[in-house]
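A.B. asks: Attaching a predicted model along with its sequence, questions to come.
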Amino acid sequence: MSEISLTASMRSNLLSLQQISKLQDSTQLRLSTGLKVNSAIDNPSSYYTASSLNNRADDLSALLDSMGQSVQTIKAATEGIEKAEDLLSQMKAIAEQVNTGVYVPEKSYFEKLVGANGAVVTNAKELRAAVNSGKEEICVYGKINLGDISTTGGLSLQENQKLVGVNYYGNFGTEGEEFSSISATSSAAKNLIDITKTGCLVSDLNLNYKNTNETGSCHVISITGTDVVADVQNVCIKAEFSNNNNSGKAGIYMSSKTTLNISERFNIDMSGTYAFGLALGATANATIASQALVNIKTSGQNGNAIDMNNQSNLTIASEAKVNIETLGEDGNGINLDNSSNLRLESKVANCNNWEKRYRYFSLSQL
């Protein structure tokens, strides 16, 4: 057997290869572990320093996790407190509403009722947009002030459009009747609501209007157009007109060949010269439905509660109650010309200044 002899250069190369293999193993270990020092044998000082730092890092991580959990707990508690405050506010509002006889659900409740073809409005911009876009059912949620309509004009209802307050959907308490209202002022001959197309309904609303114009007719609700039919129910109109304007003004004005149906409760309070409660133009037809309760008061000079012109017709159905009060000079309860027709199917509950002009009736005859 022959011996293997290594030259010095061969031994040197072999040692180099062994060293390269050792370094390769060390590098692979470092790559696989991500650590430069894996044991105390590699570097005792660095190993124990790194071990100490790792322990501190773990402690800090645990502390950070604990702080994160504390922050989340505080955040959850804050949200809980805010929701509790909201709930308490709602409970307080409901308690106050119940105490005063008023309870009105949230806006979202009515949004479900009116559906996609309707709108629930809370301000003048929304109200005008809903009317102009032809929304079928418009619920007035709260008190809306249109401001001065001298240049912009009032609201012009579209065909079959319903303009209603929240009580249209249910009785939310006696005081809740004051919840939905539309107000406006004007220094020009503008109507608050124009109805020129048939099938419109105005219901469960308070309409407040002040007009300082001194020339030209202007009304709270104006119904015009041949064969236009409109309905009004549970509406309260309070209007103030100029005493210097001798043109006709009315809570509701009806032009010729129009029809108006009044049902449930209907109140009109008018002030101003020639300010009428309900004015029927020639051949206009109005009906106060059975069991309706109507209160009309005028306080201006020549302010007729109901003013009927040529061939107009007014029917007061059975069991309807009509209270009329005219406080101004030369004001008439029901003013008829010779060709107008008043059909009474029930007694008028109360009327002062009834028998001033043209035809007249005494309460004993009704």
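C.D. replies: In hand now; what should we look at?

A.B. asks: could you say what helices and strands the host helix or strand of residue 10 packs with?
C.D. replies: Per DSSP states H and E, residue 10 falls inside helix 8-33. Helix 8-33 sits against no helix or strand, with contacts defined as 3 or more C-beta pairs under 8 Å, 6 or more residues apart in numbering; DSSP states H and E. Yep, even glycine has a C-beta here, placed from its N, CA and C like the rest.

A.B. asks: starting at the chain centroid, how far to it?
C.D. replies: In terms of C-alpha atoms, centre = their mean, to the nearest Å, the gap separating the centre of helix 8-33 from the centre of its chain is 83 Å.

A.B. asks: and if you look at stretch 119-129?
C.D. replies: Distance, centroid of stretch 119-129 to centroid of chain: 7 Å (C-alpha atoms, centre = their mean).

A.B. asks: Between the two ends of that stretch, how far is it?
C.D. replies: Using C-alpha to C-alpha, to the nearest Å, the end-to-end distance of stretch 119-129 comes to 10 Å.

A.B. asks: got the buried residues for it?
C.D. replies: By 16 or more other C-beta atoms under 10 Å, the buried positions in stretch 119-129 come out as 119-121, 124, 126-128.

A.B. asks: quick one: terminal-to-terminal distance for stretch 136-149?
C.D. replies: End-to-end span of stretch 136-149 (C-alpha to C-alpha): 23 Å.

A.B. asks: Among the buried residues of stretch 119-129, name the ones in helices.
C.D. replies: Judged by DSSP state H, the buried residues of stretch 119-129 include 124, 126-128 as members of helices.

A.B. asks: Pick the one among the residues you listed closest to residue 31.
C.D. replies: residue 126 (67.2 Å; C-beta to C-beta).

A.B. asks: pretty sure the closest one is in contact with residue 119, am I right?
C.D. replies: Yes - here residue 126 reaches residue 119: they are 7.0 Å apart, a contact under C-beta atoms under 8 Å.

A.B. asks: Strands of the stretch 101-250 of the chain, residue ranges please.
C.D. replies: Taking DSSP state E, counting those that start in this stretch, the strands of the stretch 101-250 of the chain run over residues 118-121, 137-140, 143-148, 155-157, 162-165, 181-186, 193-195, 200-211, 218-223, 228-241, 249-254.

A.B. asks: Can you list the helices and strands that the longest one packs against?
C.D. replies: Spelled out, it's strand 228-241. So strand 228-241, by 3+ C-beta pairs under 8 Å, 6+ apart, packs with strand 200-211, strand 218-223, strand 249-254, strand 258-271.

A.B. asks: Quick check: which of these is buried the most?
C.D. replies: Mean neighbour counts were compared across the helices and strands packed on strand 228-241 using mean count of other C-beta atoms under 10 Å; the top stretch is strand 249-254, at a mean of 29.
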